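S.K.: Please work out how this folds:
(one chain, ligands or ions: 1)
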Amino acid sequence: MVSNPLKKLILYRNQRNVFHRLGEFSVENKTLFKAQVVLSGCDKPETCSIVVGEGSVVFGTIYFQRQGAFLRIGRNTFIGESELIISTGITVGNNVLISRGCLLQDHDAHSREAALRRDDLRVFMEGREHDWAHYWTNVKRSPIVIEDDAWIGARAIILKGVTIGHGAVVGAGAVVTRGVSPSATAVGNPASEIG
Ligand SMILES: CC(C)(COP(=O)(O)OP(=O)(O)OC[C@H]1O[C@@H](n2cnc3c(N)ncnc32)[C@H](O)[C@@H]1OP(=O)(O)O)[C@@H](O)C(=O)NCCC(=O)NCCS
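M.R.: Numbers count the residues shown, from 1 in each chain. Alright, predicted model coming up:
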């Protein structure tokens, strides 16, 4: 593994445009890392990390939104112009294809209870770091896993806690709220398996 700290990364806080280091950033040789990395509401960016395996190509935008958030990408994997929004972690295996316009978000960002989301915007805009711990207690979050050889079609949405099984296919525009079995094809909203 060749460490390549920060050379290719653009890191900033939304409101203040301050640059920060990630805790770990490593890409293997023969990897094309073109993604933009945004620290959005993350109070400890040095605890966040990205690791990319050999031969992978990564476009799109990666948002780290909470301390300790991580992105792990295996070998020979392609991620198109998509958004990865991470509070906990996203793991993408080897030989995976993720098309353009996809959204992978490992949390809901808000509570389903109106009273518990009224203050969310103010906490975010005012950068009230001491309130983040409280904010996250009201938000459901769970890591996403995309196993080896999976293929995610254009503009698919993968929500919190989902595992896409080995070799599975997600159809274009699908909204995936539950796990997809290995080798299955899932389509629709909410996505269901067709075979
Ligand atoms: C709507 C939402 C908040 C519900 O979350 P939740 O309360 O944890 O609900 P669950 O994941 O348990 O899903 C409950 C049921 O609704 C379905 N469902 C959930 N979200 C869905 C969606 N976006 N589209 C279609 N169906 C959905 C699930 O498949 C599940 O059906 P099932 O019981 O038959 O399996 C969440 O699924 C969601 O859409 N989160 C994304 C929020 C977002 O876009 N945030 C961006 C920042 S503002």
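
S.K.: In three-state terms, label the residue most central in space within the chain for me.
M.R.: Among the residues of the chain, the one closest to the centroid is residue 84, at 3.1 Å (C-alpha atoms, centre = their mean). Taking DSSP: H, G, I helix; E, B strand; the rest coil as the rule, one finds residue 84 in the strand state.

S.K.: That one against residue 60, yeah?
M.R.: Yes: applying C-beta atoms under 8 Å, one finds residue 84 in contact with residue 60, separated by 6.6 Å. (C-beta placed from N, C-alpha, C; glycine too.)

S.K.: re the thing from before, gap between the residue nearest to the centre of the chain and the ligand?
M.R.: Residue 84 sits 13 Å away from the ligand, going by C-beta to the nearest ligand atom, to the nearest Å.

S.K.: Name whatever forms a beta bridge with that residue.
M.R.: Counting by DSSP bridges, residue 84 is bridged to residue 62, residue 104.

S.K.: likewise the one 5 residues further on?
M.R.: On the basis of DSSP bridges, residue 89 is bridged to residue 70.

S.K.: which residues does it contact?
M.R.: Taking C-beta atoms under 8 Å, 6 or more residues apart in numbering, we find residue 89 in contact with 69, 70, 71, 72, 106, 143, 144.

S.K.: what about the fifth one, neighbour count?
M.R.: Put plainly, it is residue 106. The tally of other residues near residue 106 (other C-beta atoms under 10 Å) stands at 25.

S.K.: Pull the contacting residues for it.
M.R.: By C-beta under 8 Å, 6+ apart, the residues touching residue 106 are 85, 86, 87, 88, 89, 90, 141, 142, 143, 144, 160, 161.

S.K.: which element is the last one on?
M.R.: Same thing as residue 161. If you go by DSSP states H and E, residue 161 is not part of any helix or strand.
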